[in-house]
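Asks: show me the folded form of this:
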Amino acid sequence: MNRNSVDWSGSFPALTTPFDKNNKIDEKAFSANVDRLIAAGADGFVVAGCTGEFWSLSHDERKRYYDLAVEVVGKRATVIVGTGAVTVEETVKLTNLAQKAGVDGVLILPPYFVKLTDDEIFAHYRDVVSQTRVPILLYNIPGNAVNALSPGLVRRLADLDTVVAVKESSGDWNNFYATLISSIEKIRVFCGPSSIYGAPAAELGADGFVDCFPNVWPDGGRPLLDAARNGDRTRAAALQKTGRLLTDLFTSEGRTLYPATKAAMDMLGFPGGGRPRPPLRPCEGSDLAGLRKGLIELGLMK
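Replies: The predicted structure is shown next:
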């Protein structure tokens, strides 16, 4: 397999995982969010990734979530689900469950917490690939995983049979661009923090965006990608500025990204928000008030 083995391209929202009052996955809210974002132009979805609080989901919940994603999305868009785990054994189990559910691909981050060498990370992916057959989207998010997929390591991993794409979420433009130019001919390259530098990423050839902010943009975030691809720099610059300011708003004054995303969805009347699972805590008090004030100032709500 290589980049030509899949047709993944465009806007791929990283979906939140809504929980009901009993702290179970709220399947109706999840479905409603999918429907809203497809209507807004989403080409695919990443389910049970970092935005989806995968670390809080049990093995059985992840299995059900894979089935649910395929059931809800159907053939309307690409379905990629997170199957990353610390061990090869667990990653393989989850990846094979995802394939059985009928997903289009899986998102796999490197083993997390314990610091590894590039050779150890490569061996992890190599062993997973040897025991699975579903297309893999590599996930570079060192801020969460500790271990980074450097441009050189991504280039090595691109030679593994089922690796077809990478989500580059380092937040470092130099790292993103080096990955793009070193691997774009072999695998598809998606920009993770599109709210920060999505426009230049798209202008220079990124295959698309995988980001959490489409969950809170009334238009689903698609116009930023379209403006950049169409050479409308004035429009792209205005949208990129809003994305940058949203990023700052969601991660300042005591707020953290995923609880703020869910709180903003609630404020905006979008499905799929609600409370995060512990150890995350919901936005409350001054954090919530500051979030509301910021959304009003950005013109996203009254």
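
Asks: and the strands in the stretch 1-150 of the chain?
Replies: Taking DSSP state E, counting those that start in this stretch to define them, one finds strands in the stretch 1-150 of the chain at 10-13, 44-47, 78-82, 105-108, 136-140.

Asks: relative to Pro271, which of these is closest?
Replies: strand 10-13 (12.8 Å; Cβ to Cβ). Bear in mind the C-beta positions are built from the backbone N, C-alpha and C, glycine included.

Asks: ok so, going back, how about the strands of the stretch 1-150 of the chain in TSV, adding distance to Phe30?
Replies: TSV is the format used below for those (distance: least, Cβ to Cβ, whole Å):
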stretch	distance to Phe30
strand 10-13	12
strand 44-47	8
strand 78-82	12
strand 105-108	17
strand 136-140	20
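
Asks: nearest to Glu297, out of the ones you listed?
Replies: strand 10-13 (23.9 Å).

Asks: can you put the strands of the stretch 1-150 of the chain in TSV and add mean pLDDT and mean neighbour count?
Replies: Formatted as TSV, those follow (pLDDT from 0 to 100; neighbours: other Cβ atoms under 10 Å):
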stretch	mean pLDDT	mean neighbour count
strand 10-13	97	26
strand 44-47	98	27
strand 78-82	98	27
strand 105-108	98	26
strand 136-140	98	26
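
Asks: among those, which is nearest Glu203?
Replies: Nearest of those (Cβ to Cβ): strand 10-13, 15.1 Å.

Asks: what helix or strand does Gln240 sit in?
Replies: For Gln240, the element it lies in under DSSP states H and E is helix 233-250.

Asks: who's in contact with whatever helix or strand comes next after that helix?
Replies: Using DSSP H and E, the helix or strand that directly follows helix 233-250 along the chain is helix 257-268. Defining contact as Cβ atoms under 8 Å, 6 or more residues apart in numbering, one finds that helix 257-268 is touched by 16, 18, 50-51, 53, 212-213, 215-216, 218, 249-251, 271-276, 280-283, 287-288, 291-292, 295, 300-301.

Asks: derive a PyMOL selection command for the buried subset of those residues.
Replies: In PyMOL, this line selects whichever of the contacts of helix 257-268 come out buried by 16 or more other Cβ atoms under 10 Å:
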select buried, resi 16+18+50+51+53+212+213+215+216+249+250+271+272+273+274+275+276+283+287+288+291+295+300
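
Asks: number of residues surrounding the closest residue to Ser169 other than its chain neighbours?
Replies: Spatial nearest neighbour of Ser169, chain neighbours left out: Gly192 (2.8 Å); criterion: Cβ to Cβ, 6 or more residues apart in numbering. Close neighbours of Gly192, defined as other Cβ atoms under 10 Å, add up to 27.

Asks: then Arg155?
Replies: For Arg155, using other Cβ under 10 Å, the count is 17.

Asks: helix or strand next in line after the host helix or strand of it, which one?
Replies: Assigned by DSSP H and E, Arg155 belongs to helix 151-157. Using DSSP H and E, the helix or strand that follows helix 151-157 in sequence is strand 163-168.

Asks: which helices and strands sit right next to that next one?
Replies: strand 105-108, strand 136-140, helix 151-157, helix 173-183, strand 188-191 (3 or more Cβ pairs under 8 Å, 6 or more residues apart in numbering; DSSP states H and E).

Asks: if we can go back for a sec, neighbouring contacts of the helix holding Arg155?
Replies: By Cβ under 8 Å, 6+ apart, helix 151-157 touches 118, 121-122, 125, 138, 140, 149, 163, 166, 168, 175, 178-179, 182-183, 186-187.

Asks: distance between it and the chain's centre?
Replies: 20 Å (Cα atoms, centre = their mean, to the nearest Å).

Asks: what's the answer for stretch 291-302, then?
Replies: Using Cα atoms, centre = their mean, the offset of stretch 291-302 from its chain centre is 24 Å.

Asks: now do the end-to-end distance for stretch 3-20.
Replies: With Cα to Cα, to the nearest Å as the measure, the ends of stretch 3-20 fall 38 Å from one another.

Asks: ditto for stretch 200-208
Replies: Stretch 200-208 has an end-to-end distance of 12 Å (Cα to Cα).
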